[in-house]
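Novice: need a 3D model of the sequence below.
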Amino acid sequence: MTVFSDSAHDMSLVAFTAVATITLLLCVMTGPDRDDLDEFYTGFGSLSPMRNGLAIAGDYISAATVLGTGGIIALAGYDGIVLALSTSLSLMLLMFLLAEPLRNAGRFTMGDALARRMPGRAVRVTACATTLAALLPLMLVQLAGAGDLLAFVLGFTSEGFKTGCVIALGALMISYAAIGGMKGTALIQILKTVTLLGSGLAVALLILHRFDWNPGALASQAARASGAGSAFLHSGLQFTGSANPRLDMISSELTVVLGGACLPHVTMRMYTARSAREVRRSMSWAVSAVGFFVLVMAVVGFGATAFLGRAAVAAADPQGNTAYLLGTRAAFGADVSTAETLLFTTVTTALFLTLLASVAGMILACANSLAHDVFAPRAAPLTGRREMTLARVSALCVGVPAILLATLVQHRNLQPLVTLSFCLGASALAPALVYSLFWRRYTRTGLLWTLLGGTVSCLVLMTGTNLVSGSPASAFPDQDFNWFPFTTTGIASIPLGFLLGWLGTLASGRRTADTQRRQYEAVESWILAGATRRAPRTEG
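Specialist: Numbering: from 1, shown residues only. All right, here's what the predicted structure looks like:
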């Protein structure tokens, strides 16, 4: 493995400090300076489709995606590639099925979209609870990973240093969300996406150059160095220990496709577009950016295995979370030039930006939902200034507990938390959105059963998966309460989420269903055909 000098570590530290300072300054300069909720929640739709698309891609490409999926590619080969491609397919699902209706139905939050045809405080509170449940696990993973990433890059091993990084970076992320609002966090996402794509492309080209621009030679060498031979290039390696590898893989891919498309920090970007046409153009840019980065991750992940071997990647981190950085280092060879040191610094800075931007976007989505769906409707109509203050306080209410929890769980395998977020998106939010936007007879009871039942089923089933116990790589390797023999809950919880929505609607009775159908028909053309937005109706 390439070893960098102390000057490279110093350069990375200077770059991280500069990025943190510049991005915070951007949030201060672009943050809302008027008491207008549209400016804080949506940035007035001032981003062009290209910039909005890059911001959507930035929200979707989280640190968990870069490090986790890159690691699976390095360790599992073909299965990792399929998982990475599922992320692009997820955005395509959002683009073709949900993006325009979401933009038309919603205003600021997921609660707005769900309550448009079913007004009521219960719907908004439940939507907020599901939003928090889906995003908090992802926030914990990325906050906890911040300390490990900085320690790995800067050469520190102290546990106190890692904890300090989690706290300091968490405070910075809260500041981004509270000060910058939607527009400020969007600019950070754009900067992160451009930096990540540019630095990743440079590394991928460097790796391909080492193999005479022959991707087949790269794949063959990765297969030989993996120790798994041809199995590295075929389906099933990731799920070798599963009771039913094929079914487990289908469950995982379905969870990623449905869950990734419906996570609230991604869907909130739909409300920033000024028209249905701009939503389509924004999503086209987002899909292209994510698809391009999938190719970059595939090359870098295969490069890490080809240069170092699968055993070395797993020895550095059992889940392969350092594979992207290891592949970048190994691409430079034994002698590292100044230009290559600068490129490595750019890659680590891009990952640092990815951590900052991803968590800031999630905190903003949770804070917006708390302020707009839970706190604001309780009192008399609030002024713009008071609700904006409420949203900023909500960012603290979300961020501080997340930081404290991250410091407590940072030494465990956090892969179950990442998986849980996608399972909740696929099992609770996806059925709720599909039914709410497209099923005329869907009722408030059906919606609540979908959200609550899908969430509870995921939480219960996740405790029995092989990610939590029963294997050396699980969160509790010394325990074995593996009663649900799959990696994700999707194979059971996704059908259950849709079934509960249907059963809840039947349980509402024909009269209630007919009433809900008439309410939906009153706004159907508005939701599906992209009519001009109206003021939100008063909820009783």
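
Novice: what ranges of the stretch 101-250 of the chain fall below the confidence cut-off?
Specialist: By pLDDT under 70, the weakly predicted segments of the stretch 101-250 of the chain are 155.

Novice: let's see that with 90 instead.
Specialist: 101-121, 141-170, 172-189, 226-231, 233-250 (pLDDT under 90).

Novice: now the strands for it?
Specialist: With DSSP state E, counting those that start in this stretch, there are no strands along the stretch 101-250 of the chain.

Novice: what ranges does it have for its helices?
Specialist: Along the stretch 101-250 of the chain, counting by DSSP state H, counting those that start in this stretch, helices occupy 110-115, 121-154, 159-175, 181-210, 215-226, 245-262.

Novice: hey, C-alpha coordinates of the third one in PDB?
Specialist: Included here for helix 159-175 are C-alpha records, laid out as PDB according to Å, rounded to 0.1, in the frame of the first residue of the first chain:
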ATOM      1  CA  GLU A 159     -10.300   7.500  20.300                       C
ATOM      2  CA  GLY A 160     -10.600  10.900  21.900                       C
ATOM      3  CA  PHE A 161      -9.700  12.500  18.500                       C
ATOM      4  CA  LYS A 162     -12.400  10.500  16.700                       C
ATOM      5  CA  THR A 163     -15.000  11.500  19.300                       C
ATOM      6  CA  GLY A 164     -13.900  15.200  19.000                       C
ATOM      7  CA  CYS A 165     -14.300  15.000  15.200                       C
ATOM      8  CA  VAL A 166     -17.800  13.600  15.500                       C
ATOM      9  CA  ILE A 167     -18.900  16.500  17.900                       C
ATOM     10  CA  ALA A 168     -17.100  19.300  15.900                       C
ATOM     11  CA  LEU A 169     -18.400  18.100  12.500                       C
ATOM     12  CA  GLY A 170     -21.900  17.500  13.900                       C
ATOM     13  CA  ALA A 171     -22.000  21.100  15.100                       C
ATOM     14  CA  LEU A 172     -20.800  22.300  11.700                       C
ATOM     15  CA  MET A 173     -23.600  20.300  10.000                       C
ATOM     16  CA  ILE A 174     -26.200  21.700  12.200                       C
ATOM     17  CA  SER A 175     -25.000  25.200  11.400                       C
END
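
Novice: buried residues in that helix?
Specialist: For helix 159-175, a neighbour-count test (16 or more other CB atoms under 10 Å) marks 162-163, 165-167, 169-170, 172-175 as buried. Glycine gets a C-beta too; all of them are placed from N, C-alpha and C.

Novice: likewise for the fourth one?
Specialist: Applying a neighbour-count criterion of 16+ other CB under 10 Å, the buried positions in helix 181-210 are 181-197, 199-200, 202-204, 206-208, 210.

Novice: ok so, going back, with distance to Ser12 added, can I get the buried residues of helix 159-175 in a markdown table?
Specialist: Output for the buried residues of helix 159-175, formatted as a markdown table (distance: CB to CB, whole Å):
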| residue | distance to Ser12 |
| --- | --- |
| Lys162 | 16 |
| Thr163 | 20 |
| Cys165 | 13 |
| Val166 | 18 |
| Ile167 | 20 |
| Leu169 | 15 |
| Gly170 | 20 |
| Leu172 | 17 |
| Met173 | 19 |
| Ile174 | 24 |
| Ser175 | 22 |
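
Novice: Leu326: which of those residues is nearest?
Specialist: Lowest distance from Leu326 to these (CB to CB) belongs to Lys162, with 19.1 Å.

Novice: so who does Asn413 touch?
Specialist: Listed by CB atoms under 8 Å, 6 or more residues apart in numbering, the contact set of Asn413 reads 318-319, 467, 473-475.

Novice: separate out the buried members of these.
Specialist: 319, 467, 474-475.

Novice: for Ala360, state which of the residues you listed is nearest.
Specialist: For the buried ones among the contacts of Asn413, the nearest to Ala360 is Gln319 (24.1 Å; CB to CB).

Novice: quick one: that closest one from Phe40, how far?
Specialist: According to CB to CB, to the nearest Å, Gln319 and Phe40 sit 37 Å apart.

Novice: neighbouring contacts of the helix or strand of the chain with the lowest mean pLDDT?
Specialist: The weakest-scoring helix or strand in the chain, judged by mean pLDDT, DSSP states H and E, is helix 37-42 (a mean of 73). With CB under 8 Å, 6+ apart as the test, helix 37-42 has contacts from 32, 44, 107-109, 181-183, 271-272, 368, 372, 384, 387-388, 391.

Novice: one more: stretch 458-476?
Specialist: 133, 241-242, 318-319, 412-416, 419-420, 423-424, 427-428, 477, 479-489, 492-493.

Novice: got a list of what Gly106 touches?
Specialist: By CB under 8 Å, 6+ apart, the contact set of Gly106 is 112-113, 116, 267, 270-271.

Novice: mind putting those residues into CSV with neighbour count and distance to Val14?
Specialist: Formatted as CSV, the contacts of Gly106 follow (neighbours: other CB atoms under 10 Å; distance: CB to CB, whole Å):
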residue, neighbour count, distance to Val14
Asp112, 22, 43
Ala113, 28, 43
Arg116, 23, 49
Thr267, 26, 37
Met270, 24, 38
Tyr271, 26, 37
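
Novice: just the closest of those to Val299, please.
Specialist: Using CB to CB, the shortest approach to Val299 within these belongs to Thr267, at 30.1 Å.

Novice: isn't that closest one right next to Arg103, touching?
Specialist: No: checked against CB atoms under 8 Å, the pair Thr267 and Arg103 is beyond contact range at 9.5 Å.

Novice: skipping adjacent residues, who's closest to Phe352 in space?
Specialist: Among residues not flanking Phe352 along the chain, Phe16 sits closest, at 5.3 Å (CB to CB, 6 or more residues apart in numbering).

Novice: next: Val203.
Specialist: Per CB to CB, 6+ apart, closest to Val203 is Thr328, 5.0 Å.

Novice: next, the contact list for the one you found, please.
Specialist: Applying CB under 8 Å, 6+ apart, we find Thr328 in contact with 203, 300, 343-344, 347.

Novice: swap in Ala513?
Specialist: Contacts here follow CB under 8 Å, 6+ apart; on that basis Ala513 touches 441, 443, 505.

Novice: can I get the residues you listed in CSV with pLDDT, distance to Trp285 and secondary structure?
Specialist: Formatted as CSV, the contacts of Ala513 follow (pLDDT from 0 to 100; distance: CB to CB, whole Å; DSSP: H, G, I helix; E, B strand; the rest coil):
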residue, pLDDT, distance to Trp285, secondary structure
Arg441, 87, 36, coil
Thr443, 90, 37, coil
Thr505, 91, 37, helix
